[in-house]
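S.K.: Provided below are the primary sequence and the corresponding predicted coordinates.
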Amino acid sequence: MYSRGDLDESQWSYQTSIGDEAQSAQLGVLSSDGNDYFFAAWVEGTGVDANIAVLVTEGDWSESVQRTSAPGATTLLFNLRDDFIEVLYNEITVRGEVARYGILKVDGETPIIGLANIVSEKKSLLGYSMNSQDGIMFTVSPTGRFSMQKFLMDSAQEKPEPKSFLDQFLEPLPGSDEMKARIFLGIVSVLFLIFVLVVVSLRSSRRKEGSFDVSGYEEDEVAILIQVQEDEVEEELVASVPISVPVELEHEESTLAEELEAKTSAGEGNARLNRRMKRKQEREIAEIVSKGLPPLPTPTPLPALPEAELAPSLPELDSVALPPLGELPPLRRQATCPSCQANFPVTDIMRAQVTCPICSERFSL
């Protein structure tokens, strides 16, 4: 039975019957696009014939009733939220007594009825409560044990704002925002120190190589000048010029050249010094080849070999005096079996024992 009116009035003018054999009736109202939709539900029938009846109307209660089979249903609960109604009812199935969960809502101008999801087994439904977001279902087992089951409701998620590059970098780091910032600064500091150390080491190594190349270049040039100034030193000696300074220079320059050659042969010089020493050796070899090799000495004549006398020839052998050669032994022999007196040839003259092909007896030849 449905009735409406003012609370101050003792009798309401509007009453209508909407279902028969009804129990545990529930009523809820949802608004959509300025229209109010009434959702009424009740348990209709008992035992195996029990059903969950749901009626959606805008106020005239003339719409058809939608029924869902629920054998053994006795309890029906409504929980009204902002944009939908939660429905819970019990039912008896092959699994025992179960609790089912459903939702009633309005999509535009179309009412939607969704029931029949099992949320609890082998327990009796007692009640349902909620807070601003979640819900809790209360049940009791056949042994008298009470339990609560929590329902988590997903709220409408807002579109997240795009994150900056720094936020994306800090997101996988552990800890709070302050801890993430400290970790980020520590990582940046360590990377900066490593970068500075690498730059300093590279610059110092380049300076060492440059100074070594300059010294090698100067020493190489001095060694080359030593070879060029040899003739001038001889002319100064002929002209009776004091030779104290040139002698000292010659002695120092020769010592420097020997040191450079020793350093190159020991593998202590750099690549530039090795190339210069190689070019110096090539110039020396080219100078020697250009001057020409000295003539070969005249070979000493060998003494004449003495004439050798031939040995006397051997006397010829007399063919009559030699004894005649013996005949070759026969290449096959005849063997006779002592058991069966079978006679058969043996082609291997080196065999000492054979097997008779007739009686298979083995005997010596």
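M.R.: On my side now, so go ahead.
S.K.: can you give me the helices in this protein?
M.R.: 165-170, 177-228, 230-238, 244-265, 271-291 (DSSP state H).
S.K.: comparing those helices by mean pLDDT, which bottoms out?
M.R.: The minimum mean pLDDT among the helices of the chain belongs to helix 230-238 (a mean of 46).
S.K.: just for the stretch 1-150 of the chain, where's the confidence low?
M.R.: Along the stretch 1-150 of the chain, the parts satisfying pLDDT under 70 run over 1-2, 5, 12-15.
S.K.: ranges for the strands of it?
M.R.: Under the criterion DSSP state E, counting those that start in this stretch, the stretch 1-150 of the chain carries strands at the ranges 2-4, 14-16, 22-32, 35-44, 51-57, 66-69, 76-80, 84-93, 96-107, 110-121, 124-130, 135-140, 146-151.
S.K.: what's next to the fifth one, contact-wise?
M.R.: Translated: strand 51-57. 18-19, 22, 37-45, 61, 63-70, 73, 76, 89, 104, 111, 113, 115 (Cβ atoms under 8 Å, 6 or more residues apart in numbering). From N, CA and C alone the C-beta is placed, and that goes for glycine too.
S.K.: go again using 7 Å as the cut-off
M.R.: 18-19, 37-45, 63, 65-70, 73, 76, 89, 111, 113, 115 (Cβ atoms under 7 Å, 6 or more residues apart in numbering).
S.K.: again, but for the fourth one
M.R.: Residues external to strand 35-44 that are found in contact with it (Cβ under 7 Å, 6+ apart): 18-19, 21-30, 50-59, 67, 73-74, 76, 78, 85, 87, 104, 106, 111.
S.K.: so how do I select the buried members of the residues you listed in ChimeraX?
M.R.: In ChimeraX syntax, the buried subset of the contacts of strand 35-44 is picked out as below (16 or more other Cβ atoms under 10 Å):
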select :18,19,22,24,25,26,28,30,50,51,52,53,54,55,56,57,73,74,76,78,85,87,104,106,111
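S.K.: relative to S364, which of the strands of the stretch 1-150 of the chain is closest?
M.R.: Among these, the nearest to S364 by Cβ to Cβ is strand 110-121 (100.3 Å).
S.K.: from the contact counts, what lies against the closest one?
M.R.: strand 51-57, strand 66-69, strand 96-107, strand 135-140 (3 or more Cβ pairs under 7 Å, 6 or more residues apart in numbering; DSSP states H and E).
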